[in-house]
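*Asks:* fold the following.
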Amino acid sequence: MNFKMPKAWKEAYKEELRQYRTSLNGLNLPQAWRHLERAHIIGQYHPVPHTAIHCRMLWFGLRSANLTEVFGQILRIAGGWLGSLLNRIPVGNTGGANVYIFARMPIPEDLRELLADADVEAKGLAGIKRKPR
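*Replies:* Numbers count the residues shown, from 1 in each chain. As a prediction, this is how the structure comes out:
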């Protein structure tokens with residue numbers, strides 16, 4: 001179970017949120033959304049940050065009157081935390097309602113080193129690689 005986010009991940013996650021707020025305040029909505037997606041890719045391994053991003057995505061959908069996004073985020077909020085808790089998430093998934101909820105996606109190149117412990121080899125839902133005992 002993934003309760004404690006590594007320091008480097010937390011810093012990258014917070015930086016994406018900072019960039020999200022800056023873009024949102026500047027009314028650059030496509031850029032703001034992109035930073036939410038990137039924060040999702042980083043945070044989806046941990047239940048609290050994962051759920052927090054989906055809540056922000058829900059708020060974004062409400063602000064933009066995008067009912068597809070609103071309903072999609074409600075579903076993701078309801079179940080996403082459990083996948084994080086059990087280390088069973090669609091690695092690389094950007095989290096928006098425009099993406100199938102269980103679709104694995106490539107991790108952006110600039111995040112690959114940070115997320116080096118992500119299990120990109122597994123089939124289906126994965127998460128952080130298990131350390132050998």
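*Asks:* tell me the contacts of the most centrally placed residue in the chain?
*Replies:* The chain has residue 40 as the residue nearest its centroid, 1.5 Å off, counting by Cα atoms, centre = their mean. With contacts taken as Cβ atoms under 8 Å, 6 or more residues apart in numbering, residue 40 has the following neighbours: 50, 53-54, 57, 93-95. C-beta coordinates here come from the backbone N, C-alpha and C atoms, glycine included.
*Asks:* may I ask which helix or strand of the protein has the lowest mean pLDDT?
*Replies:* helix 67-85 (a mean of 94; mean pLDDT, DSSP states H and E).
*Asks:* what comes up buried for that one?
*Replies:* Residues of helix 67-85 classed as buried by neighbour count (16 or more other Cβ atoms under 10 Å): 69-70, 72-73, 76-77, 80-81, 83-85.
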